[in-house]
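1. sequence and computational prediction follow.
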Amino acid sequence: MKNSLSQLNKAYEICQKETQKWAKTFYLGTLLLPYEKRKAIWAIYVWCRRTDEIMDSIEASTKTTEELSDNLNEWEENTKNVFKGKIQTELDAVLFDTIEKFPQNIEPYLDMIEGQRMDLEKFRYKSFSELQLYCYRVAGTVGLMTQNVMGIDSAYTSAPWSNMPDSSEAAIALGIANQLTNILRDVGEDRQRGRIYLPQDDMNKFNYSEEELLKGVINNQWKMLMNFQLTRARDWFKKSEDGIKWLSADARWPVWTSLRLYRGILDSIERLDYDVFNNRAFVKNSVKAFEIPISYLISRIK
(Lines give C-alpha, C1' and ligand atoms only; values in the text may rest on other atoms or scores of the structure.)
Protein backbone atom coordinates (compact mmCIF):
# COMPACT_ATOMS: atom_id res chain seq x y z
CA MET A 1 0.00 0.00 0.00
CA LYS A 2 1.58 3.27 -1.16
CA ASN A 3 0.89 6.49 0.70
CA SER A 4 1.29 10.02 -0.57
CA LEU A 5 2.49 12.71 1.83
CA SER A 6 -1.04 14.12 2.06
CA GLN A 7 -2.47 10.69 2.93
CA LEU A 8 0.21 10.24 5.55
CA ASN A 9 -0.52 13.64 7.08
CA LYS A 10 -4.25 12.83 7.18
CA ALA A 11 -3.44 9.57 8.97
CA TYR A 12 -1.35 11.46 11.52
CA GLU A 13 -4.30 13.80 12.05
CA ILE A 14 -6.45 10.75 12.81
CA CYS A 15 -3.85 9.69 15.38
CA GLN A 16 -3.90 13.16 16.91
CA LYS A 17 -7.69 13.15 17.27
CA GLU A 18 -7.71 9.64 18.72
CA THR A 19 -5.07 10.57 21.29
CA GLN A 20 -6.93 13.75 22.20
CA LYS A 21 -10.20 11.86 22.59
CA TRP A 22 -9.03 8.89 24.63
CA ALA A 23 -5.99 10.15 26.56
CA LYS A 24 -6.63 13.78 27.47
CA THR A 25 -3.95 14.12 30.15
CA PHE A 26 -1.36 12.28 28.06
CA TYR A 27 -2.31 14.33 24.98
CA LEU A 28 -1.70 17.59 26.82
CA GLY A 29 1.87 16.51 27.51
CA THR A 30 2.47 15.62 23.85
CA LEU A 31 1.57 19.15 22.75
CA LEU A 32 4.75 20.38 24.43
CA LEU A 33 6.92 18.28 22.09
CA PRO A 34 8.32 19.43 18.72
CA TYR A 35 5.91 18.58 15.91
CA GLU A 36 7.76 15.57 14.47
CA LYS A 37 8.17 13.95 17.88
CA ARG A 38 4.57 14.78 18.72
CA LYS A 39 3.30 12.98 15.61
CA ALA A 40 5.43 9.93 16.39
CA ILE A 41 4.03 9.68 19.91
CA TRP A 42 0.47 9.93 18.54
CA ALA A 43 1.19 7.12 16.08
CA ILE A 44 2.59 4.88 18.82
CA TYR A 45 -0.34 5.70 21.11
CA VAL A 46 -2.86 4.71 18.43
CA TRP A 47 -1.06 1.40 17.82
CA CYS A 48 -1.25 0.75 21.58
CA ARG A 49 -4.92 1.65 21.67
CA ARG A 50 -5.70 -0.62 18.71
CA THR A 51 -3.91 -3.38 20.60
CA ASP A 52 -5.88 -2.69 23.77
CA GLU A 53 -9.20 -2.56 21.91
CA ILE A 54 -8.74 -6.17 20.79
CA MET A 55 -9.44 -7.16 24.40
CA ASP A 56 -11.34 -4.26 25.92
CA SER A 57 -13.74 -2.90 23.31
CA ILE A 58 -17.50 -3.46 23.37
CA GLU A 59 -17.10 -5.72 20.35
CA ALA A 60 -14.48 -7.77 22.20
CA SER A 61 -16.94 -8.47 25.02
CA THR A 62 -19.13 -10.44 22.58
CA LYS A 63 -16.31 -12.72 21.40
CA THR A 64 -15.12 -16.07 22.71
CA THR A 65 -11.66 -16.57 24.18
CA GLU A 66 -10.68 -18.47 21.04
CA GLU A 67 -11.82 -15.62 18.78
CA LEU A 68 -9.92 -13.07 20.86
CA SER A 69 -6.80 -15.24 20.76
CA ASP A 70 -7.08 -15.47 16.96
CA ASN A 71 -7.46 -11.66 16.77
CA LEU A 72 -4.30 -11.18 18.85
CA ASN A 73 -2.40 -13.63 16.62
CA GLU A 74 -3.54 -11.74 13.52
CA TRP A 75 -2.56 -8.42 15.10
CA GLU A 76 0.88 -9.76 16.01
CA GLU A 77 1.42 -10.90 12.44
CA ASN A 78 0.27 -7.52 11.12
CA THR A 79 2.67 -5.74 13.47
CA LYS A 80 5.58 -7.89 12.31
CA ASN A 81 4.66 -7.01 8.73
CA VAL A 82 4.63 -3.29 9.51
CA PHE A 83 8.18 -3.56 10.84
CA LYS A 84 9.10 -5.24 7.55
CA GLY A 85 7.48 -2.42 5.57
CA LYS A 86 4.40 -4.42 4.51
CA ILE A 87 1.62 -1.87 4.95
CA GLN A 88 -2.12 -2.56 4.76
CA THR A 89 -3.80 0.53 6.25
CA GLU A 90 -3.12 4.22 6.72
CA LEU A 91 -2.57 3.66 10.44
CA ASP A 92 0.00 0.99 9.65
CA ALA A 93 1.67 3.59 7.42
CA VAL A 94 2.12 6.16 10.20
CA LEU A 95 3.63 3.55 12.49
CA PHE A 96 6.06 2.49 9.77
CA ASP A 97 6.89 6.14 9.10
CA THR A 98 7.55 6.61 12.82
CA ILE A 99 9.88 3.62 13.17
CA GLU A 100 11.77 4.76 10.08
CA LYS A 101 12.33 8.22 11.57
CA PHE A 102 12.93 6.93 15.10
CA PRO A 103 14.38 3.40 14.76
CA GLN A 104 13.35 0.97 17.47
CA ASN A 105 13.08 -2.67 18.38
CA ILE A 106 9.92 -4.68 17.74
CA GLU A 107 10.20 -6.54 21.06
CA PRO A 108 8.24 -4.01 23.18
CA TYR A 109 5.38 -4.23 20.67
CA LEU A 110 5.32 -8.03 20.86
CA ASP A 111 5.57 -7.86 24.66
CA MET A 112 2.50 -5.61 24.78
CA ILE A 113 0.53 -8.09 22.71
CA GLU A 114 1.68 -10.77 25.16
CA GLY A 115 0.26 -8.60 27.96
CA GLN A 116 -3.11 -8.63 26.21
CA ARG A 117 -2.89 -12.41 26.04
CA MET A 118 -2.59 -12.44 29.83
CA ASP A 119 -6.06 -10.87 29.97
CA LEU A 120 -7.50 -13.84 28.05
CA GLU A 121 -7.40 -16.16 31.05
CA LYS A 122 -5.80 -14.36 33.99
CA PHE A 123 -8.33 -12.44 36.08
CA ARG A 124 -6.53 -12.41 39.44
CA TYR A 125 -2.96 -11.67 40.56
CA LYS A 126 -1.59 -13.46 43.60
CA SER A 127 1.40 -11.20 44.22
CA PHE A 128 2.81 -7.88 43.11
CA SER A 129 5.59 -9.64 41.18
CA GLU A 130 2.90 -11.19 38.97
CA LEU A 131 1.21 -7.82 38.55
CA GLN A 132 4.53 -6.11 37.80
CA LEU A 133 5.07 -8.39 34.80
CA TYR A 134 1.60 -7.52 33.52
CA CYS A 135 2.23 -3.79 34.07
CA TYR A 136 5.52 -4.02 32.20
CA ARG A 137 3.92 -5.72 29.24
CA VAL A 138 0.91 -3.46 28.84
CA ALA A 139 2.51 -0.15 29.86
CA GLY A 140 6.22 -0.36 30.65
CA THR A 141 6.68 -1.28 27.02
CA VAL A 142 5.31 2.14 26.02
CA GLY A 143 8.34 3.71 27.67
CA LEU A 144 10.60 1.57 25.49
CA MET A 145 8.58 2.37 22.36
CA THR A 146 8.88 6.11 22.95
CA GLN A 147 12.39 6.52 24.36
CA ASN A 148 14.05 6.84 20.94
CA VAL A 149 11.48 9.47 20.01
CA MET A 150 12.31 11.45 23.13
CA GLY A 151 16.06 11.08 22.59
CA ILE A 152 19.03 11.51 24.90
CA ASP A 153 20.65 14.90 25.57
CA SER A 154 23.93 15.11 23.65
CA ALA A 155 25.58 16.47 26.79
CA TYR A 156 25.35 12.96 28.21
CA THR A 157 26.71 11.21 25.13
CA SER A 158 29.28 13.48 23.46
CA ALA A 159 31.91 13.73 26.20
CA PRO A 160 34.80 11.23 25.96
CA TRP A 161 34.16 10.11 29.52
CA SER A 162 30.42 9.60 28.98
CA ASN A 163 29.06 6.22 30.06
CA MET A 164 26.18 6.60 27.58
CA PRO A 165 23.25 6.55 30.02
CA ASP A 166 20.40 4.17 29.27
CA SER A 167 16.96 5.61 29.98
CA SER A 168 15.24 2.23 29.55
CA GLU A 169 14.84 1.46 33.25
CA ALA A 170 13.34 4.87 34.00
CA ALA A 171 11.09 4.65 30.92
CA ILE A 172 9.78 1.26 32.04
CA ALA A 173 9.26 2.56 35.59
CA LEU A 174 7.13 5.45 34.32
CA GLY A 175 5.00 3.05 32.30
CA ILE A 176 4.51 0.77 35.31
CA ALA A 177 3.62 3.78 37.48
CA ASN A 178 1.03 4.90 34.93
CA GLN A 179 -0.49 1.42 34.75
CA LEU A 180 -0.68 1.09 38.54
CA THR A 181 -2.48 4.44 38.53
CA ASN A 182 -4.91 3.16 35.87
CA ILE A 183 -5.57 0.06 37.97
CA LEU A 184 -6.38 2.10 41.09
CA ARG A 185 -8.57 4.53 39.14
CA ASP A 186 -10.44 1.75 37.33
CA VAL A 187 -11.05 -0.75 40.15
CA GLY A 188 -14.80 -0.20 39.88
CA GLU A 189 -14.92 -0.71 36.11
CA ASP A 190 -12.60 -3.72 36.12
CA ARG A 191 -14.67 -5.62 38.71
CA GLN A 192 -17.67 -5.39 36.37
CA ARG A 193 -15.62 -7.31 33.83
CA GLY A 194 -14.66 -9.90 36.41
CA ARG A 195 -11.10 -8.62 36.72
CA ILE A 196 -9.29 -7.75 39.94
CA TYR A 197 -5.79 -6.39 39.49
CA LEU A 198 -5.07 -5.63 43.14
CA PRO A 199 -2.68 -8.36 44.37
CA GLN A 200 -4.43 -10.98 46.48
CA ASP A 201 -1.50 -10.99 48.92
CA ASP A 202 -2.11 -7.29 49.60
CA MET A 203 -5.86 -7.80 50.02
CA ASN A 204 -5.22 -10.55 52.55
CA LYS A 205 -2.67 -8.38 54.34
CA PHE A 206 -5.29 -5.71 54.94
CA ASN A 207 -8.11 -8.19 55.59
CA TYR A 208 -10.21 -7.01 52.66
CA SER A 209 -12.03 -9.72 50.75
CA GLU A 210 -12.77 -10.20 47.08
CA GLU A 211 -16.48 -10.35 47.94
CA GLU A 212 -16.25 -6.90 49.53
CA LEU A 213 -14.47 -5.51 46.47
CA LEU A 214 -17.08 -6.90 44.10
CA LYS A 215 -19.79 -5.27 46.24
CA GLY A 216 -17.90 -1.97 46.39
CA VAL A 217 -17.56 -1.97 50.17
CA ILE A 218 -15.66 1.05 51.51
CA ASN A 219 -14.35 0.52 55.04
CA ASN A 220 -11.15 1.16 56.97
CA GLN A 221 -9.56 -1.98 55.54
CA TRP A 222 -10.25 -0.75 52.01
CA LYS A 223 -8.80 2.68 52.74
CA MET A 224 -5.62 1.19 54.23
CA LEU A 225 -5.31 -1.17 51.25
CA MET A 226 -5.71 1.69 48.79
CA ASN A 227 -3.29 3.90 50.69
CA PHE A 228 -0.71 1.12 50.43
CA GLN A 229 -1.32 0.81 46.68
CA LEU A 230 -1.04 4.57 46.13
CA THR A 231 2.27 4.63 48.00
CA ARG A 232 3.59 1.86 45.75
CA ALA A 233 2.50 3.72 42.60
CA ARG A 234 4.18 6.91 43.82
CA ASP A 235 7.37 4.95 44.46
CA TRP A 236 7.38 3.84 40.81
CA PHE A 237 6.88 7.42 39.67
CA LYS A 238 9.86 8.35 41.84
CA LYS A 239 11.97 5.61 40.21
CA SER A 240 11.28 7.14 36.82
CA GLU A 241 12.32 10.68 37.72
CA ASP A 242 16.10 10.22 37.62
CA GLY A 243 16.04 9.19 33.97
CA ILE A 244 14.28 12.36 32.82
CA LYS A 245 17.44 14.45 33.25
CA TRP A 246 19.08 12.39 30.48
CA LEU A 247 16.37 13.14 27.93
CA SER A 248 16.87 15.65 25.14
CA ALA A 249 16.05 19.21 26.13
CA ASP A 250 12.88 19.34 24.04
CA ALA A 251 11.50 16.20 25.73
CA ARG A 252 12.12 16.91 29.43
CA TRP A 253 9.27 19.41 29.84
CA PRO A 254 6.62 17.19 28.18
CA VAL A 255 7.70 14.12 30.16
CA TRP A 256 7.75 15.98 33.47
CA THR A 257 4.31 17.40 32.66
CA SER A 258 2.88 13.99 31.80
CA LEU A 259 4.41 12.45 34.92
CA ARG A 260 3.12 15.11 37.29
CA LEU A 261 -0.35 15.25 35.74
CA TYR A 262 -0.77 11.48 35.75
CA ARG A 263 0.52 11.22 39.29
CA GLY A 264 -2.13 13.80 40.15
CA ILE A 265 -4.77 11.12 39.58
CA LEU A 266 -3.49 9.49 42.77
CA ASP A 267 -4.14 12.74 44.65
CA SER A 268 -7.65 12.79 43.20
CA ILE A 269 -8.28 9.25 44.49
CA GLU A 270 -7.32 10.43 47.98
CA ARG A 271 -9.66 13.42 47.72
CA LEU A 272 -12.47 11.00 46.85
CA ASP A 273 -11.65 9.20 50.11
CA TYR A 274 -10.75 6.14 47.99
CA ASP A 275 -14.29 5.77 46.57
CA VAL A 276 -13.33 4.60 43.09
CA PHE A 277 -16.44 2.44 42.91
CA ASN A 278 -18.82 5.37 42.44
CA ASN A 279 -16.47 8.04 41.10
CA ARG A 280 -13.80 8.41 38.43
CA ALA A 281 -10.66 10.18 39.57
CA PHE A 282 -9.27 12.83 37.22
CA VAL A 283 -7.08 15.93 37.24
CA LYS A 284 -8.98 19.20 37.06
CA ASN A 285 -8.14 21.72 34.35
CA SER A 286 -7.16 24.29 36.99
CA VAL A 287 -4.58 21.84 38.34
CA LYS A 288 -3.28 21.15 34.82
CA ALA A 289 -2.85 24.90 34.23
CA PHE A 290 -0.81 25.12 37.43
CA GLU A 291 1.31 22.03 36.78
CA ILE A 292 2.47 22.93 33.26
CA PRO A 293 4.66 25.92 34.28
CA ILE A 294 5.84 24.08 37.40
CA SER A 295 6.93 21.17 35.21
CA TYR A 296 8.74 23.60 32.93
CA LEU A 297 10.77 24.98 35.82
CA ILE A 298 11.65 21.48 37.05
CA SER A 299 12.68 20.45 33.53
CA ARG A 300 15.27 23.25 33.41
CA ILE A 301 17.13 21.77 36.39
CA LYS A 302 19.71 19.19 35.31
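-> That came through fine.

2. off-centre distance for stretch 46-61?
-> 14 Å (CA atoms, centre = their mean, to the nearest Å).

3. oh, I was asking about stretch 265-276
-> With CA atoms, centre = their mean, you get 20 Å for stretch 265-276.

4. buried ones in it?
-> By neighbour count on 16 or more other CB atoms under 10 Å, the buried set for stretch 265-276 is 265-266, 268-269, 272, 274-276. Every C-beta, even on glycine, is put in place using the N, C-alpha and C of the backbone.

5. again, but for stretch 237-254
-> Buried positions in stretch 237-254, judged by neighbour count with 16+ other CB under 10 Å: 237, 239-241, 243-248, 251-254.

6. one more: stretch 129-141?
-> By 16+ other CB under 10 Å, the buried positions in stretch 129-141 come out as 130-141.

7. ok so, going back, now the buried residues of stretch 265-276 as CSV including pLDDT, secondary structure and distance to residue 219?
-> Formatted as CSV, the buried residues of stretch 265-276 follow (pLDDT from 0 to 100; DSSP: H, G, I helix; E, B strand; the rest coil; distance: CB to CB, whole Å):
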residue, pLDDT, secondary structure, distance to residue 219
265, 96, helix, 23
266, 98, helix, 20
268, 97, helix, 21
269, 98, helix, 16
272, 98, coil, 15
274, 98, coil, 10
275, 98, coil, 11
276, 98, coil, 14
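
8. make JSON lines from the residues you listed and add distance to residue 67 to it.
-> Shown next, in JSON lines, are these (distance: CB to CB, whole Å):
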{"residue": "265", "distance to residue 67": "33"}
{"residue": "266", "distance to residue 67": "36"}
{"residue": "268", "distance to residue 67": "37"}
{"residue": "269", "distance to residue 67": "35"}
{"residue": "272", "distance to residue 67": "37"}
{"residue": "274", "distance to residue 67": "37"}
{"residue": "275", "distance to residue 67": "36"}
{"residue": "276", "distance to residue 67": "31"}
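
9. how many neighbours does the residue nearest to residue 126 when sequence neighbours are not counted have?
-> Nearest non-adjacent residue to residue 126, counting by CB to CB, 6 or more residues apart in numbering: residue 200, 5.1 Å away. Using other CB atoms under 10 Å, residue 200 has 15 neighbouring residues.
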